[in-house]
Each structure stands twice: as structure tokens, then as C-alpha cells.
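Novice: structure of the sequence below:
(one chain, ligands or ions: 1)
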Amino acid sequence: MDCNGYRQENHDQNLFPKPKVLVLEPPPVFIYHEDKLSQKFHFLKAWDSPLPLDQFLTTHAHSVQAILSHGSCPVTTNTIRLLPSLGLIVTTSAGLDQIDLQECRRRGVSVAYAGSLFSADVADIAVGLLIDALRKISAGNRYVTQGLWANNGDFSLGSKLGGRKVGIVGLGSIGLEVGKRLEPFGCNILYCSRNKKSSVSYPYYSNVCELAANCEVLIICCELNDQTRHVINKEVLLALGKKGLIINVGRGAIIDEQEMVRCLMQGEIAGAGLDVFENEPHVPSELISLDNVVLSPHRAVHTEETLMALVDLVIGNLEAFFSNKPLLSPVLLDE
Ligand SMILES: O=CC(=O)O
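Specialist: Down below sits the predicted model:
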């Protein structure tokens, strides 16, 4: 240990007094708060190097003990294998689908994440997208700004939020926040989750297709994993039906996007509010021209305030690791 309590084995104090942390691609927290982060750590910027990634990793192989990563930056088996001294991955995301957790488990690499830091912000956007899709706020904005109102056009009516049956897919911390927000609007909440939750009295469905058949809105709040990839498929969309709306603040690949686009274009479902997409930042061009679809650039997770809290969480996790202390927001890899 050095006088800061940091591990010394892989960094020369005189040349590199700050612990080294590898960044593959810069997360928003790094873009907005690099100065604060750099006061504590020496960041190795893979994206900024002229070297191909593998060569960059090989060059720094023995000095990298920690990676700072984010939700759209894959940390693959290959990356982990090229870094024999790696002990920690800190991701700024709540989702973990981009990290090879199996390899982390095998290698004994710890993972820290954002936990429920963003849940309230994500839930706000889910509700915002739903109200927008129902009451046509974005469509109304286009109608006014394109001069159609002034030309005596007829803007179609929206539908009421109160009384709507809303099915939440994934009742984790985001799903619970969505339910908490929609109850006072007079919505009836139903949900589908891996397990029935004793903390809520909402009707539970173990099958997402049955949930879809019994509600008018599906809000996707679950994580992406092998079980949830394309779980919202043609059958589920058809069960949701012609008056049904789909809101996605989880991950794009939870929905079979191609099938959703077809359903939207053919009127098999009524509309959608989407913050996430299968191939970000690419959004299917068909969605852009549809008036019954509200689009958002995967920003549900970030507000200025939570980004500030996230910097402290990232620093806290890295400091804990380099001081051999328990992580602040560890992912339990043994579960
Ligand atoms: O999408 C972002 C996250 O998983 O935090």
C-alpha cells in the first residue's frame, strides 16, 4: 500500500502517482467530468490512440487493473483476456448486457455498476413517452411548427391516460418507479417479472403474452439477457393489439424491432415511445416518418443531477478497489 492506501504492485509511484484506469470509449460521465475524474486517476484512452485496440491493450496489458466502461461499450472476453492484471470493471450503466459477466466470474474480475441511481429519471422518461404517445405532444408540436394549424388543418384527438391498463415488463427498481408514477394518474398497473413481488398488489403475469393480451400499454423496463432478447415478438405485439402502445426504456433488443416496425406500419399496434433501439444510434428509417411514434436518443438515464452523483459513485468504486475496500455498488456475480 502507498500513503493513499492504494495498491502498488502495478504502477510506478514516481512516474504514475495516480492509479491507471483504462477507458475503451468515453462514457458521458467522462465527457462531462473528465477534469474531476482525472484529479484522482490516470486514464488510458483507448479510443484516442492510433493503435488498433488489441495492440493498445497488449501495450498496457500489465498495468491495467481497472476499466471504466458504459452501457454501449462492449467489454468482451477478448478484452478481458488481454488484460491479465484486470481486477475491476466499473460501468456507468445500470444494464450489464454489454459486459461478459461469465468471463469476469471465471477470472475473478469484480464489476461495479450504477445500480438504481437512474431509476427515477428513467421512470420519468417512460411516463413522458407514454403521455406524449397518448396525447400526441410531439405530433402536435410538428403540426404547429409545420404551419398546418394555421392552414386550418384538423389535428386528430389523443387518448386519455387515466383508467388505462398498463403492463410493466420487469418490476425492478425502474418498473416500480414507473408504477408509483402512473398510479396517481389513475392507471391500473399489471406486471410481468421473473418472480411475483410480495411488496405490490398489482396483478402478476408470469407470461408476457398474457400480460399483453390483458393491457393497453406495455412498458419495457427489464434488463436484456438471453431470456429477454426479442421477448417482445410478433405474438406479443399482436396480443397487445390494434389499440395497444409500446414504451421501451429497457434495451432495444428486448423487442424484435423489425416486427415492431411492421406492426406499427400496418396498424397492428397503435403507437410507440422508444428511448432505446437494437442498433444504436441507428433508428429504422420507417420509424422516423411515423406520427404515432415518439423517439428519444437513449437519454432516459442521464440528467445533469444524476451525472454528478454518478461521478462520485465512479470515483468511490475506483478508490475502494485501489484501497482494497468493499465496492460501493458491486454486481453480485455469483447469483
Ligand atoms: O442504458 C443505460 C443503462 O443501462 O444505464
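Novice: make it CA atoms for all contacts and neighbour counts henceforth
Specialist: OK.
Novice: contacting residues for the closest residue to H62 other than its chain neighbours?
Specialist: Using C-alpha to C-alpha, 6 or more residues apart in numbering and skipping residues adjacent in sequence, the residue nearest H62 is S85, 5.6 Å away. Shown in contact with S85 (C-alpha atoms under 8 Å, 6 or more residues apart in numbering): A61, H62, S63, V64, Q65.
Novice: ok, now G273?
Specialist: G273 makes contact with 126, 129-130, 132-133, 245-248, 293-296, according to C-alpha under 8 Å, 6+ apart.
Novice: in a markdown table, list those along with secondary structure, distance to the ligand and pLDDT.
Specialist: Below are the contacts of G273 laid out as a markdown table (DSSP: H, G, I helix; E, B strand; the rest coil; distance: C-alpha to the nearest ligand atom, whole Å; pLDDT from 0 to 100):
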| residue | secondary structure | distance to the ligand | pLDDT |
| --- | --- | --- | --- |
| A126 | helix | 13 | 98 |
| L129 | helix | 16 | 98 |
| L130 | helix | 18 | 98 |
| D132 | helix | 21 | 98 |
| A133 | helix | 21 | 98 |
| L245 | strand | 21 | 98 |
| I246 | strand | 18 | 98 |
| I247 | strand | 14 | 99 |
| N248 | strand | 11 | 98 |
| V293 | strand | 20 | 98 |
| V294 | strand | 18 | 98 |
| L295 | strand | 15 | 98 |
| S296 | coil | 12 | 98 |
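Novice: so how do I select the buried members of the residues you listed in PyMOL?
Specialist: Buried subset of these, written as a PyMOL selection, criterion 16 or more other C-alpha atoms under 10 Å:
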select buried, resi 126+129+130+132+133+245+246+247+248+293+294+295
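Novice: how about the contacts of G273, which pair is most distant?
Specialist: Using C-alpha to C-alpha, those span at most 15.8 Å, a distance reached by L245 and S296.
Novice: next one: the residue nearest to D124 when sequence neighbours are not counted from G140, what distance?
Specialist: Nearest non-adjacent residue to D124, counting by C-alpha to C-alpha, 6+ apart: V178, 7.4 Å away. Distance from V178 to G140, counting by C-alpha to C-alpha, to the nearest Å: 25 Å.
Novice: those two: who's more crowded?
Specialist: Ranked by neighbour count (other C-alpha atoms under 10 Å), V178 and G140 place V178 first, with 26 against 18.
Novice: in a strand, that's where that one is, yeah?
Specialist: No: assessed with DSSP: H, G, I helix; E, B strand; the rest coil, V178 is helix; it does not lie in a strand.
Novice: contacting residues around it?
Specialist: A123, D124, A126, V127.
Novice: name the element W149 belongs to?
Specialist: Counting by DSSP states H and E, no helix or strand carries W149.
Novice: what's the pLDDT at it?
Specialist: With respect to pLDDT, W149 has a value of 93.
Novice: need the longest helix for the chain.
Specialist: In the chain, taking DSSP state H as the definition, the longest helix is helix 304-322.
Novice: neighbours of P184, how many?
Specialist: The number of residues packed near P184 is 10, by other C-alpha under 10 Å.
Novice: begin at 428, not 1, for the rest of this chat.
Specialist: OK, 428 is where the count begins now, so the last one is P611.
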